[in-house]
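> Pasting the sequence and the predicted coordinates here, then a few questions.
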Amino acid sequence: MGYAARVLEFDPLEEVRRMAHEQLDQWLEQMRPLFEQEKPPTLLELSQHFTRTRQQLLGGVLQSLADAHYGHCARAIDGWKPRWRGWPRIRSTR
């Protein structure tokens, strides 16, 4: 009995989506204490929390996009170090 091999195509958008969902899940976990209170959070509390933490969420999503699109660049130059020989000397014309 033979098994048919199936070739899966790599979809870069799916990888970005997966990474962005991971960031969203981490951000939502930070909201857990609001929902574990005895009373449900007010709209003001939710809004204040979102305002305080949205930079972390959006920064994580942007990092996911950058890693997916430009990660190969970072890996390519990871071992590269510029050679610094100091500032060029300028001789006085006096």
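On my side now, so go ahead.
> which helices and strands does the least confident helix or strand in the chain by mean pLDDT pack with?
Taking all helices and strands of the chain together, the one with the lowest average confidence (mean pLDDT, DSSP states H and E) is helix 43-77, at a mean of 83. Taking 3 or more C-beta pairs under 8 Å, 6 or more residues apart in numbering; DSSP states H and E as the contact definition, the neighbouring helices and strands of helix 43-77 are helix 12-30, helix 32-35. C-betas here are computed from N, CA, C, even on glycine.
> tell me, how many neighbours does Pro12 end up with?
In terms of burial, Pro12 registers 9 neighbours under the definition other C-beta atoms under 10 Å.
> again with Ser64
Ser64 sits with 19 neighbouring residues when counted by other C-beta under 10 Å.
> In this structure it contacts Leu13, no?
No. When contacts are counted by C-beta atoms under 8 Å, Ser64 is not listed as touching Leu13 (11.5 Å).
> Give me the pLDDT value at Gln23.
Predicted confidence (pLDDT) for Gln23: 90.
> Which residue is the nearest non-sequential neighbour of it?
In space, not counting the residues next to it along the chain, Gln23 is nearest to Gly60; the distance is 3.5 Å by C-beta to C-beta, 6 or more residues apart in numbering.
> returning to that earlier point: would you mark the buried spots in the least confident helix or strand of the chain?
Of the residues in helix 43-77, those scored as buried under the neighbour-count criterion (16 or more other C-beta atoms under 10 Å) are 49, 57, 60-61, 64, 68.
> what do you get for stretch 32-39?
Applying a neighbour-count criterion of 16+ other C-beta under 10 Å, stretch 32-39 contains no buried positions.
> Go ahead and name everything in contact with that stretch.
Counting by C-beta atoms under 8 Å, 6 or more residues apart in numbering, stretch 32-39 makes contact with 41, 45-46, 49, all of which sit outside it.
> how about CSV for these, with distance to Arg32 added?
As requested, these are exported to CSV (distance: C-beta to C-beta, whole Å):
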residue, distance to Arg32
Pro41, 11
Glu45, 13
Leu46, 13
His49, 11
